[in-house]
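Asks: Quick one: sequence and predicted model below, then my questions.
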Amino acid sequence: MTEKKQDPEENEDVHLYQRLADRSAEILQEGRKTIDEALKKAGDEIASGGDFTREQAEKIGNYIRRDLSEVGRKLKQSRDTVITAAEPHRLAAGVQSGLAKLLNTAADVLSDIADRSEKVLEFHTGEVTSPGTLTCKACEKEMRLKSTVRIPPCPSCHKTTFRKSY
Ligand SMILES: [Zn+2]
């Protein structure tokens, strides 16, 4: 896909996604917190810094949670009974983002977050997501995302609903 110039608001959300993912990973490394708790704490910290509002942090936190759920679900489907740290690490090599660090850290809680999202999640134009492949639900056109981006409309049919794989 061709690299398009992003407007400032798009860059801001993508930047916040990466900051939030990085900080959440650090918080998870510090102690026994769940992903939800770490995302909330990271969001509170970043919001209190004044660069972003609490609402922005919460919205972006939900995008990160969704990306993690998809990865967790994928791991479960691989039929391994125990999710070891090695597997998210291998998977993270293809993810290449702030999310990668979060995945390494969060190995033991990924299966838990996956349990809470058994249905296949939808991704929509305008939302921010980590690298991976989005498939248009209308025409099956695939978009390969190489970095964390705001999701564009389908380049083929211009519809706005996708499913994601890694
Ligand atoms: Zn399409």
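Replies: Looks like it arrived, so ask away.
Asks: and Val149, how far is that from the ion?
Replies: For Val149, the distance to the ion (Cβ to the ion, to the nearest Å) stands at 17 Å. No exception for glycine: its C-beta is placed from N, CA and C like everyone else's.
Asks: What is the neighbour count of that residue?
Replies: As a burial measure, the neighbour count of Val149 was computed by other Cβ atoms under 10 Å and equals 22.
Asks: That one contacts Glu127, doesn't it?
Replies: No: using Cβ atoms under 8 Å, Val149 is not in contact with Glu127, being 9.8 Å away.
Asks: which residues do the two both contact?
Replies: Residues touching both Val149 and Glu127 do not exist when contact is defined as Cβ atoms under 8 Å, 6 or more residues apart in numbering.
Asks: what's the nearest residue to Leu134 if we skip its chain neighbours?
Replies: With Cβ to Cβ, 6 or more residues apart in numbering as the criterion, Leu134 has its nearest non-adjacent residue at 4.0 Å, and that residue is Phe162.
Asks: Bridged to that neighbour, which residues?
Replies: For Phe162, the residues forming beta bridges with it (DSSP bridges) are Phe123, Cys136.
Asks: right, and it touches Glu122 too?
Replies: Yes: Phe162 is within contact range of Glu122, at 7.1 Å (criterion: Cβ under 8 Å).
Asks: if I pick Thr161, what's in contact with it?
Replies: 122-125, 136-138.
Asks: per the record, what domains does this structure have?
Replies: Domains of the chain are assigned by automatic domain parsing as 8-115, 123-165.
Asks: hey, least reliable of the ones you listed by pLDDT?
Replies: For the domains of the chain, mean pLDDT drops lowest on domain 8-115, to a mean of 74.
Asks: Would you tell me which residues of this structure are close to the ion?
Replies: Along the chain, the residues adjacent to the ion under the rule Cβ under 5 Å from the ion are 136, 138-139, 141, 154, 156-157, 159.
Asks: Out of the residues you listed, the closest to His15 would be?
Replies: Distance to His15 across the residues of the chain next to the ion (Cβ to Cβ) is lowest for Cys154, with 24.9 Å.
Asks: can you count the residues close to that closest one?
Replies: 22.
Asks: Equivalent analysis for Asp51, please.
Replies: When neighbours are defined as other Cβ under 10 Å, Asp51 has 13 of them.
Asks: so it, which of the three states?
Replies: Of the three states, Asp51 takes coil under DSSP: H, G, I helix; E, B strand; the rest coil.
Asks: can you check Ala57 too?
Replies: Reduced to three states with three-state DSSP, the structure at Ala57 is helix.
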